[in-house]
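Engineer: Here's a sequence, model it:
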Amino acid sequence: MLPRPPKKPRLALNGVLLLDKPVGWSSNDALIKTKHLLAAKKAGHTGTLDPFATGLLPLCFGEATKFAQDLLDADKTYETVIHLGVTTTTGDTEGEVLETRAVDVTRDQIDAVLAQFRGAIGQTPPMYSALKRDGKPLYEYARAGITLEREVRQVSIYSLEVLAFELPFLTLAVKCSKGTYIRVLGEDIGRALGCGAHLKALRRTEVGDLRLEQALTLETVTAAAEEQRAALLAPVDTLLSSFPALHLRAELAARFLHGQRLSLGKEGVDLPCAAGRVRVYGENDNNLLGTGNIVEFGVLAPERLISTAQTAQ
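Structural biologist: Okay, the predicted model is just below:
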């Protein structure tokens, strides 16, 4: 029996890959495939997309995983096609059809209904979701035919605009807060119109300040030579582009990396903002040291630190 060839060593990569997730893939499937292509040691994604959905899925590698929570908490933007007149068990194309109704609505009626869903609204999480109850995701209960009570959650719809309207399809652009279920939004719009609805398509176009135009497809990553794939990663601080930048001289940078609070006002450091979160670098370089929080009297409190300073590409 021939010996098995040795496994390829995993690489300690640090950075971010903005992936345009294809339809039919779960977020975890896309992560595992990309991690394999890059031969990376450590990776994670920043919020799931349903298998039927496509679009922007930021994948974090190595030190970037420390900052994934910032994107989980970020606002999101989507484009979605709502199929009016047909409801399904899952609220999207993956479910079984529950009911079909005639659709007789006007653009004026749609505009009036959409106005009800802008701003702060309440949503009931769907049974077909990854939310857990007693250690089990809700979709497992749903597949067993069990429906559980779910608490209404408050979310915010910052903008909700019609991109196209051709019965029975309604295409919308949605910018919303974290935790918003676009499937539920589509169902609720259909219910308010009196005809029911489900999502025919869903594409995420923005996560925080990150844009789909920056993303790569799995085909692009696969087609790249193995030795060149690591170069596809954007630097770790891509995740932190909305934070003001603060540069520290060597002595202060060393103290910051040791988790010490720094009185920057007394040290004569120019602050990029009066208060709030910042991304911190060395004095004359692009080595990200981590994130911190400027609090009262110009004090910088370390937050998340890079184990080894990473040079922005």
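Engineer: isn't L170 right next to L84, touching?
Structural biologist: Yes: in this structure L170 lies within contact range of L84 using Cβ atoms under 8 Å: 6.0 Å. No exception for glycine: its C-beta is placed from N, CA and C like everyone else's.
Engineer: what residues are shared contacts of these two?
Structural biologist: Common contacts of L170 and L84, defined by Cβ atoms under 8 Å, 6 or more residues apart in numbering, comprise A197.
Engineer: I'd say V295 and E303 touch.
Structural biologist: No: with contacts defined as Cβ under 8 Å, V295 does not count as touching E303, sitting 10.9 Å away.
Engineer: Helices of the stretch 1-150 of the chain, start to end?
Structural biologist: For the stretch 1-150 of the chain, applying DSSP state H, counting those that start in this stretch gives helices covering 27-38, 68-72, 107-116, 138-143.
Engineer: cool, and the stretch 151-300 of the chain?
Structural biologist: Assigned by DSSP H, counting those that start in this stretch, the stretch 151-300 of the chain shows helices spanning 182-193, 218-223, 250-257.
Engineer: what bits of the stretch 1-150 of the chain have low per-residue confidence?
Structural biologist: Scanning the stretch 1-150 of the chain for pLDDT under 70 picks out 1-6.
Engineer: List the neighbours of stretch 129-141 that are in contact with it.
Structural biologist: Contacts for stretch 129-141 (Cβ under 8 Å, 6+ apart): T48, P125, P126, M127, Y128, T147, L148, R150, Y181.
Engineer: Just the buried ones among these, please.
Structural biologist: T48, P125, P126, M127, Y128, Y181 (16 or more other Cβ atoms under 10 Å).
Engineer: how close does the fifth one sit to K136?
Structural biologist: Here Y128 is placed at a distance of 13 Å from K136 (Cβ to Cβ, to the nearest Å).
Engineer: got it, and the third one?
Structural biologist: For P126, the distance to K136 under the criterion Cβ to Cβ works out to 15 Å.
Engineer: now, which of the contacts of stretch 129-141 sits nearest T88?
Structural biologist: Nearest to T88 among those, counting by Cβ to Cβ, is Y128 at 9.7 Å.
Engineer: which non-adjacent residue is nearest that closest one?
Structural biologist: T90 (4.4 Å; Cβ to Cβ, 6 or more residues apart in numbering).
Engineer: go on, T147?
Structural biologist: M127 (5.8 Å).
Engineer: wait, the one you found sits on E149?
Structural biologist: No: with contact defined as Cβ under 8 Å, M127 does not count as touching E149 (10.4 Å).
Engineer: and for those two, which residues touch both?
Structural biologist: Counting by Cβ under 8 Å, 6+ apart, M127 and E149 have no shared contacts at all.
Engineer: follow-up on the earlier one: residues touching the residue nearest to T147, list them.
Structural biologist: By Cβ under 8 Å, 6+ apart, M127 lies in contact with L138, Y139, Y141, A142, T147, L148, R150.
Engineer: ok, these vs L202, which is closest?
Structural biologist: Closest approach to L202 among those (Cβ to Cβ): Y139, at 16.8 Å.
Engineer: Enumerate the positions of stretch 171-178 that are buried.
Structural biologist: T171, L172, V174, K175, C176.
Engineer: could the residues you listed be laid out in a markdown table, adding distance to S307?
Structural biologist: Output for the buried residues of stretch 171-178, formatted as a markdown table (distance: Cβ to Cβ, whole Å):
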| residue | distance to S307 |
| --- | --- |
| T171 | 45 |
| L172 | 43 |
| V174 | 38 |
| K175 | 35 |
| C176 | 34 |
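Engineer: What about these, which are in strands?
Structural biologist: Among those, the residues falling in strands (DSSP state E) are T171, L172, V174, K175, C176.
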